[in-house]
Every structure is written in C-alpha cells, then in structure tokens.
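*Asks:* using only what follows, build the 3D model:
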Amino acid sequence: MKIISVVNGPKNISAIVQGCMRMPALSKEDAAKVIRTAYDCGCDCMDSSPSR
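*Replies:* Down below sits the predicted model:
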C-alpha cells in the first residue's frame, strides 16, 4: 500500500481511505468484515464523517 502524508493533517497514512457512509445498513458482522478486509489490505484510514 502506498503511504502518503496529508498537508496540515495526518502523516504516514494509506493512500486509499475506506469510506464508512453505508456501514449502518450492514450487520455488525458484515461491517466488521469490511473494516478487517480493508485493514488487512493495508488501509489504515477510515472516513467516518456523516453525510448530509
């Protein structure tokens, strides 16, 4: 996984960010699988901001 540093933000994070906007539609088990798979693939940044 490519690692980047965000200007005025986090340093040394994965270039790919896992979005979590649709997570409430999943069961706890399925949401955990999505997050675990992303993490296992090297993604260490999750976007958990609410949608409007």
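*Asks:* now name the helix or strand holding the residue nearest to Q18 when sequence neighbours are not counted.
*Replies:* Leaving aside its chain neighbours, Q18 sits nearest to A38 (4.1 Å; criterion: CB to CB, 6 or more residues apart in numbering). Quick note: C-beta positions are derived from backbone N, CA and C, even for glycine. Under the criterion of DSSP states H and E, A38 resides in helix 28-40.
*Asks:* any buried residues in that helix, and which?
*Replies:* A38 (16 or more other CB atoms under 10 Å).
*Asks:* next one: the next helix-or-strand element following it to chain centre, how far?
*Replies:* Remark: after helix 28-40, the chain's next helix or strand is strand 46-47, criterion DSSP H and E. Its chain's C-alpha centre and that of strand 46-47 lie 4 Å apart, by CA atoms, centre = their mean, to the nearest Å.
*Asks:* rewinding a little: output the helix holding A38 as PDB, nothing but the C-alphas.
*Replies:* This file holds the C-alpha atoms of helix 28-40, laid out as PDB (Å, rounded to 0.1, in the frame of the first residue of the first chain):
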ATOM      1  CA  LYS A  28     -22.300  -5.700  12.800                       C
ATOM      2  CA  GLU A  29     -20.600  -8.800  11.500                       C
ATOM      3  CA  ASP A  30     -20.600  -7.600   7.900                       C
ATOM      4  CA  ALA A  31     -19.300  -4.200   8.800                       C
ATOM      5  CA  ALA A  32     -16.500  -5.800  10.800                       C
ATOM      6  CA  LYS A  33     -15.600  -7.900   7.800                       C
ATOM      7  CA  VAL A  34     -15.400  -4.800   5.600                       C
ATOM      8  CA  ILE A  35     -13.200  -3.000   8.100                       C
ATOM      9  CA  ARG A  36     -11.000  -6.000   8.700                       C
ATOM     10  CA  THR A  37     -10.500  -6.700   5.000                       C
ATOM     11  CA  ALA A  38      -9.600  -3.000   4.300                       C
ATOM     12  CA  TYR A  39      -7.100  -3.100   7.200                       C
ATOM     13  CA  ASP A  40      -5.600  -6.500   6.100                       C
END
